[in-house]
Each structure stands twice: as C-alpha cells, then as structure tokens.
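Trainee: Coordinates for the following, if possible.
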Amino acid sequence: FSYRFAFEFSLRRRITARMHSVSFVLLTLVLAVAIVQANHLYPPYTGEQHGIHEKYYKESFRQAGPLPHAFFRMHDSGLPYADANHTVIDTTIHGQHIKGHFFRLTNAVQHFAVLPPLGGCPGRVLTSVTAQHFKCAIAMNAGFFNMRTGACLGNLVSAGQLIQTSTSMNANFGTLSDGRYYIGYIESTQVAGYDFTNLVAGVGWLVRNSS
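Mentor: Residues are numbered from 1 along each chain as shown. Okay, the predicted model is just below:
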C-alpha cells in the first residue's frame with residue numbers, strides 16, 4: 001500500500017491559523033493507511049495482483065443508481081500565499097494508533113495541485129524529490145502505483161491535463177476549474193466531461209456527510 005503524488009501548497013509567507021474543509025481529505029488518507037494495514041483489505045485495483053471485489057462493487061453501484069459523489073465549494077481568502085494551519089495528530093481510533101500531520105488550507109483554489117512523479121508516469125520518485133522540484137512548501141503522498149513497474153494507477157489529472165483514466169471503481173478526489181471540489185466515484189468515460197484541474201484516485205469513501 002503506497003501513495004506517491006505530491007500535493008502542492010505554494011507557501012510564500014508564514015503559515016497562519018486559519019482552517020478549511022480540505023483537511024478532512026488529508027485525515028481520510030491517514031486513516032486509510034491505518035485501516036488497510038490493520039485489516040489487510042484486497043488491493044484496490046484490477047489486474048493480476050489484485051482481488052476479486054472489483055466486479056461486485058461495480059455492479060452494486062450501478063444497480064443502486066448514479067455513482068455516489070459530491071461537490072463542495074472551495075473557499076478563497078484572496079491571499080496571494082497559501083493560508084494554512086498545521087496540527088500534529090496523535091490519537092487512537094478503534095484500537096489503532098494514528099499519528100501524523102494535519103493541514104488545513106483556506107485558499108486551495110490557487111495553491112493546491114496533484115503532481116505526478118518527477119519525470120511522469122510510469123516512474124518511482126520520492127515525494128520529497130518531486131516536492132523540491134516544484135517548490136512545494138507542503139507535500140504528501142497520494143495515489144496508487146504498481147510496485148513492480150512504477151505505473152500510475154487510477155484516474156489522474158494534473159494542472160488541467162488529463163494524464164490517464166481507469167475503469168477501477170474507486171473513490172476520487174479532485175478540483176474543478178469553477179472552484180469546487182469533486183469527491184466520490186466516477187466512470188472513466190465521464191472524467192473528460194468535467195473540467196478537472198486536478199484529480200487523483202484512492203480506494204473507498206471513508207467519511208461522508210459527517211458519518
């Protein structure tokens with residue numbers, strides 16, 4: 001289980017104490033790592049090294065109607081630099097110790113990006129290397145990749161450029177050019193129909209409507 005895309009926050013001045021809902025996505029990624037490691041879930045993408053749940057999930061979703069997804073408006077403080085707050089998480093949830101860094105960004109519109117590994121896909125590059133190249137003040141891993149080939153897995157859009165789509169039915173996180181977040185599931189054929197500026201795929205939707 002591994003994430004590998006750098007999330008960019010262009011920080012030009014000191015980090016302030018303002019907060020925003022983008023934080024729950026970062027926390028979700030932290031929890032996802034713990035849950036997958038604790039419960040040994042099936043790997044999330046189709047292929048020779050992955051589990052058999054893919055077909056079941058796809059059929060279940062389609063029988064239920066439109067794929068679950070939601071839009072949220074991004075706040076924009078108007079500041080020319082990233083307005084972020086940093087908190088260290090150190091807690092226990094359902095017996096699983098969780099420790100990590102928690103960032104909240106109030107003006108993600110101009111200061112957030114999903115970046116493929118330096119050199120493109122496929123590729124194996126440390127997040128720190130990609131972050132340094134793009135002058136990211138804050139960077140974290142995201143998105144799955146093939147451990148043997150380095151191929152990127154899942155839907156991927158960076159800086160408005162569609163890099164690839166995937167037929168795997170996994171939850172996605174993205175930003176749209178109209179200033180909204182997109183969170184949830186999406187058909188590979190629908191990706192090009194949205195004006196994504198950034199898009200990356202994870203596994204399941206862990207928190208929805210505060211539940």
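
Trainee: Could you list the low-pLDDT ranges of this protein?
Mentor: Counting by pLDDT under 70, the chain contains low-confidence ranges at 1-65.

Trainee: Now do the helices in it.
Mentor: Taking DSSP state H, the helices of the chain run over residues 23-39, 53-64, 108-111, 127-133.

Trainee: What's the local residue count around residue 155?
Mentor: 26 (other C-beta atoms under 10 Å). Yep, even glycine has a C-beta here, placed from its N, CA and C like the rest.

Trainee: how near is the residue lying closest to it once chain neighbours are set aside to residue 179?
Mentor: Leaving out its chain neighbours, the residue that sits closest to residue 155 by C-beta to C-beta, 6 or more residues apart in numbering is residue 201, at 4.8 Å. Distance, residue 201 to residue 179, by C-beta to C-beta, to the nearest Å: 21 Å.

Trainee: just residue 103 next, same as before
Mentor: 20 Å.

Trainee: quick one: the residue nearest to residue 155 from residue 168, how far?
Mentor: According to C-beta to C-beta, residue 201 and residue 168 sit 7 Å apart.

Trainee: For these two, list the residues in contact with both.
Mentor: Listed as contacting both residue 201 and residue 168 by C-beta atoms under 8 Å, 6 or more residues apart in numbering are 153-154.

Trainee: Have a look at the two and say which one is more surrounded.
Mentor: Per other C-beta under 10 Å, whichever of residue 201 and residue 168 has more neighbours is residue 201, with 25 against 20.

Trainee: That one against residue 167, yeah?
Mentor: No: applying C-beta atoms under 8 Å as the test, residue 201 and residue 167 come out as separate, 11.2 Å apart.

Trainee: picking up where we left off before, so for residue 103 and residue 179, which sits in the more crowded spot?
Mentor: Taking other C-beta under 10 Å, residue 103 and residue 179 do not tie; residue 103 has more neighbours (21 against 13).

Trainee: Bridged to the more buried one, which residues?
Mentor: For residue 103, the beta-bridge partners under DSSP bridges are residue 86.

Trainee: Verify the stated contact: it with residue 138.
Mentor: Yes: here residue 103 reaches residue 138: they are 5.8 Å apart, a contact under C-beta under 8 Å.

Trainee: And the closest residue to residue 144 other than its chain neighbours, how far from residue 187?
Mentor: Counting by C-beta to C-beta, 6+ apart, residue 144 lies nearest to residue 153, which is 4.2 Å off, once chain neighbours are set aside. Distance, residue 153 to residue 187, using C-beta to C-beta: 17 Å.

Trainee: Of these two, which one has the most company?
Mentor: residue 153 (22 against 15).

Trainee: Please name the residues that touch that one.
Mentor: So residue 153 contacts 45, 143-146, 166, 168, 201 (C-beta under 8 Å, 6+ apart).

Trainee: at 7 Å instead, please
Mentor: When contacts are counted by C-beta atoms under 7 Å, 6 or more residues apart in numbering, residue 153 touches 45, 144-146, 166.

Trainee: list the contacts for the closest residue to residue 123 other than its chain neighbours?
Mentor: Nearest residue to residue 123 in three dimensions, chain neighbours excluded: residue 117, at 4.1 Å (C-beta to C-beta, 6+ apart). Neighbouring residues of residue 117 by C-beta under 7 Å, 6+ apart: 4, 123-125, 130.
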